[in-house]
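>>> what would the 3D arrangement of this be:
(chains A, B and C)
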Amino acid sequence: MSTPMPKTSFAEKLMAVPSRALYLVLAIVIIISVFLSRPLPNQPNPPAADFYTALMKMPADKVVAVQSDFTNSTRGESAGQLEALTRILVRRGIRFILYAGADPQAPTVATNIVERIIKEEKAVNPSLQYERNVHWVRVGNFTNLDNTARLFQTNFREAFRGREDNGVDVLGTPPFEGINTINDLGLYVNVTASSTLDVLIGRLQFTPTTYDGVPIRSKLMAMVTGVIGPEAVNYYKAQQLAGLVVGLNGTVELETLMGRGLEGSKEAASANNAVVIDGRPSVAKLEGNSVGRGSQYYFALHTAMGLLILAVIVGNVGTALQKSKRGGKR
Amino acid sequence: MRDFEFWKMAVGVICTLGLYSVLYRETKVYRFFEHMFLGLAAGFSLVALWTETLKSVWWDKMVGQVDAEGKVTSMGYPLYILLLPIGLMAYFVFSKKSNWMSRIPIGIILGLWAGQQADNWIKTFWPQIYGSMKPIVPNTFDPIFVPGGAANIPNAVYVTQAVNNVIFLVTLLSVMSYFFFSFEIKSRFLKGTTTLGRWLLMIGFGAIFGSTVMTRFTLLIDRMYFVFIEFLKTNFFS
Amino acid sequence: MMNLLAQATAPERNIWNATPGTSEIWIKMALLLVVGLAFMIGLVFVPTRGRRPIVMTFTFLAGLFYMAQLVWPQLPQAATRENTQGPVAQVSFWFQDATAVVGPIANILTAFILGLGIYSLLTIHGKRFARLQKDWQFSLLLLVSLFVMLFFGYWDWIQGLNPENAAKLAETPSFAGRAKDLLFEGMLQVMDAAMFSLIAFFIFSAAYRAFRIRSVESTILLGTAFIMMLSLMGALVVPWNNFIQESLAKGDSNAWVNFLRLTDISAWLSDNIQTPAIRAVNFGVGIGALAMGLRIWLSLERGGVSA
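Take a look at the predicted model:
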């Protein structure tokens, strides 16, 4: 004779949802969201505004060092950041030096992104002149950043001696013209998903400068993933970073600023629909399409975050119901 | 006729789905793609170690360089060859008898790291210590809140600002006390500050959690976008 | 030694260098390699008591290079070799030149050491395949993937060494370029992204099962995490902020009620609690790293490099 199965309560059912069912729910919500993706509003914060301001106010004849340390393991966040940065540099005609200070895969990952964005920009604007080894140069990887960053501080140019890009001596290319020390650079941007930013903070010191009347407290700026974001915010607050873009939200902030520009008061922004952050200098928007990977993923981020919040609430309600039931029995 | 980009993407989609099969359970399909991933990653690292670093930083410096017309652009420094046996010593780590030798190249790298720590500490933390020294006594009482725009007087310390600065310092000191006094303490004051430190630290961790979730979800959204929009929708439904 | 370390600024002929392409350079390299290998083999026979001092010496000298720079007087920013004389300045200049050599040496040694992981992978899977142990097929797959990537990776790289060829290949990729692109961009990079995206599923499941209001700490953590997540959702932030600004504050940017804007709440938490909390943790970690650095440099670390 079989014994009757004890009746499972709603709370017990809630607690016994198999992991695979949870995985499926998350996947379905995100799949539907990427299909339904639509533009959403965003309010940029001061770190991203500072990042955009520094890049836009910097004279276009200055050179930017881009240290891109991420691999595709963080493509979702870091690729969108590098794409937005490349668009700004290309559209403003700013020359840049591209290299990595961590993973051997990082330079190739970054190069593929940069080349794709330049191709896209040229498709929109066929007269655009932006060539490898003329406007930008790919240097390669530095396997030991601790010592290389020390060398950057002591003698930036010397760190690149002997390096070649497609058989061309990088030191002979236009981006290296007049670049001897790190202070000859216009800005130094680290796109990273790891602790390479900590290494740079501990080794590089820039002389503060002013671009178009805007004080630039350090030429070091960062684009980081959400995981290391809170730590990077600490550097930004201590004025060790001139600007900061954190995670997907940061990318959307940057794309919003690129599309709308920045004003320091509501009155000034009323004419051009610019983003308003009190007391900030006026920064023009970037001509051209600014919708990138950040804006494309933003809707799905909302639904996924919403789902997580819901899951935590349901989990807690389930636990509370179970507890009250046990308490009742007692 | 589909082009190369289509097939490249199709292979990528199969690889993605193969790895995602682990969500069901660890099957042979998952292990197939996992081993392929590891093999490709190791293979690429071996290519990149030479092409991105050793060729230009070691080999070219050692043998020197000449340009297309045969003119010497940099002299060769044969002494760099000595780095090969030093580097090879690291591989003695697998030797039962001589594994101590692997500590020589590792010791050099760690020594170089260790030697930088004092300078690194100063450059990293001095601006943070300086930035933490905030005024806690207000020098203006009207208005109480920090006004926006032109009404904000430079160097003025408003009441709410002073209160915030006190909260900042209390957080900094209590979290530090939580870390530094992790052993058993008898002072009630220190016990109180460490408990407060633990609570305030949780606010920091809450921010880290929220930010981490953003990253993790974004990575998944990126893959779903790749499979369903960049591949499926673009190639079959547009 | 001075000339060797000054190579960065003065690449003229001296005792340390040789003209590229000459037999002299190859003979010197061969002789030095023999000396280096002899030194390495000699070390195999060093008695146990002699080993620790050798490792200690290498570690100490490496660390001393940067420690000495820290305490040595710094050159003024405008100092050049022409306008700054004297032994103290000369040593400072020597440090600058030497850093240009030490930096690349560290990169080279690290590259050699990074190969260690791949060597280990090759040994483990090579053995498993050779002995046909359980799952040898997967080991074979790993080895084949590794060598296929190696083959096409180098083939493509060699083709791009010539600048003219590289420009042509950028327009129309060769077979090797296509193969490398498929392996790297089409497979490796896609799998890299897929592998790390899996964490989202686990974090979601863990949040559902384990993120509970059990104590003061977990409640604070949960509350802050919620505020943080909500502040990252622009579609909520913008209308909420507008409601506060327009309906409650009546457009007055100095009204206290503006503090209820989501961006203001999250900024307040970030400025006044999260930043000092993380900074305090970093102070602790920094002091730990400093102490660890000193212990490693002086070989005081138990179980460290010279143990």
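>>> show me where the chain has its strands.
Picked chain A for this. A:63-68, A:95-100, A:136-141, A:164-165, A:168-169, A:187-192, A:209-211, A:214-216, A:220-224, A:243-246, A:262-263, A:275-276 (DSSP state E).
>>> sorry, should have said chain B
For chain B, the strands defined by DSSP E occupy B:65-66, B:72-74.
>>> on contacts alone, who are the packing partners of the last one?
Helices and strands touching strand B:72-74, as assessed by 3 or more CB pairs under 8 Å, 6 or more residues apart in numbering or on different chains; DSSP states H and E, comprise strand B:65-66. Every residue, glycine included, has its C-beta placed from N, CA and C.
>>> what strands line up against the strand it packs on, and which way round?
strand B:72-74 (antiparallel) (DSSP bridges).
>>> got the buried residues for the partner strand?
The neighbour-count check on strand B:72-74 (16 or more other CB atoms under 10 Å in any protein chain shown) flags residue B:74 as buried.
>>> got a list of contacts for it?
A:161, A:162, A:169, B:60, B:61, B:64, B:65, B:66, B:67, C:11, C:19, C:20 (CB atoms under 8 Å, 6 or more residues apart in numbering or on different chains).
>>> tell me who's in contact with residue 10.
All of this refers to chain A. Going by CB under 8 Å, 6+ apart, residue A:10 touches residue A:321.
>>> try chain B instead
With contact set as CB under 8 Å, 6+ apart, residue B:10 has these partners: residue B:231.
>>> from residue C:189, how far off is it?
Per CB to CB, to the nearest Å, residue B:10 is found 15 Å from residue C:189.
>>> sorry, back to before: just put the strands of chain A in TSV and tack on distance to chain B.
Below are the strands of chain A laid out as TSV (distance: least, CB to the nearest CB, whole Å):
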stretch	distance to chain B
strand A:63-68	13
strand A:95-100	8
strand A:136-141	4
strand A:164-165	6
strand A:168-169	7
strand A:187-192	13
strand A:209-211	17
strand A:214-216	13
strand A:220-224	10
strand A:243-246	7
strand A:262-263	12
strand A:275-276	10
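>>> tabulate those (TSV), appending mean pLDDT.
Output for those, formatted as TSV (pLDDT from 0 to 100):
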stretch	mean pLDDT
strand A:63-68	98
strand A:95-100	96
strand A:136-141	94
strand A:164-165	88
strand A:168-169	88
strand A:187-192	97
strand A:209-211	96
strand A:214-216	94
strand A:220-224	97
strand A:243-246	96
strand A:262-263	93
strand A:275-276	90
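>>> burial measure for residue 30, as a count.
Looking at chain A here, since you left the chain open. 24 (other CB atoms under 10 Å in any protein chain shown).
>>> not what I meant, chain B
17.
>>> I'd say it and residue B:17 touch.
No. Using CB atoms under 8 Å, residue B:30 is not in contact with residue B:17, being 10.3 Å away.
>>> show me where chain B has its helices.
Remark: helices assigned in chain B by DSSP state H are B:4-20, B:28-48, B:60-63, B:83-89, B:103-132, B:159-180, B:188-224, B:234-236.
>>> quick check: angle from the first one to helix B:188-224?
Right, the one you point to is helix B:4-20. Here the directions of helix B:4-20 and helix B:188-224 differ by 130 degrees (axes from the mean of the first three to the mean of the last three CA atoms, to 10 degrees).
>>> flag every buried residue along helix B:4-20.
Residues of helix B:4-20 classed as buried: B:8, B:9, B:12, B:13, B:15, B:16, B:18, B:19, B:20 (neighbour count, 16+ other CB under 10 Å).
>>> returning to what we had before: mind giving me a markdown table with the strands of chain A and columns for mean neighbour count?
Output for the strands of chain A, formatted as a markdown table (neighbours: other CB atoms under 10 Å in any protein chain shown):
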| stretch | mean neighbour count |
| --- | --- |
| strand A:63-68 | 25 |
| strand A:95-100 | 25 |
| strand A:136-141 | 25 |
| strand A:164-165 | 23 |
| strand A:168-169 | 17 |
| strand A:187-192 | 26 |
| strand A:209-211 | 16 |
| strand A:214-216 | 17 |
| strand A:220-224 | 29 |
| strand A:243-246 | 28 |
| strand A:262-263 | 23 |
| strand A:275-276 | 20 |
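>>> okay, now the domains of chain B?
B:1-63, B:134-238 (automatic domain parsing).
>>> what mean pLDDT does the first one get?
Put plainly, it is domain B:1-63. Across domain B:1-63, pLDDT averages out at 93.
>>> remind me which residues of the stretch 201-330 of chain A are low pLDDT?
Scanning the stretch 201-330 of chain A with the threshold set as pLDDT under 70 gives A:327-330.
>>> how about the residue with the largest distance to the centre of chain B, what does it touch?
What lies farthest from the middle of chain B is residue B:142; by CA atoms, centre = their mean that is 44.6 Å. With contact set as CB under 8 Å, 6+ apart, residue B:142 has no partners.
>>> rebuild the domains of chain B as CSV, extending it with distance to residue B:117.
CSV is the format used below for those (distance: least, CB to CB, whole Å):
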stretch, distance to residue B:117
domain B:1-63, 24
domain B:134-238, 19
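>>> of the ones you listed, which is nearest residue C:147?
domain B:1-63 (6.7 Å; CB to CB).
>>> what distance separates the start and the end of stretch A:188-202?
Using CA to CA, to the nearest Å, the end-to-end distance of stretch A:188-202 comes to 14 Å.
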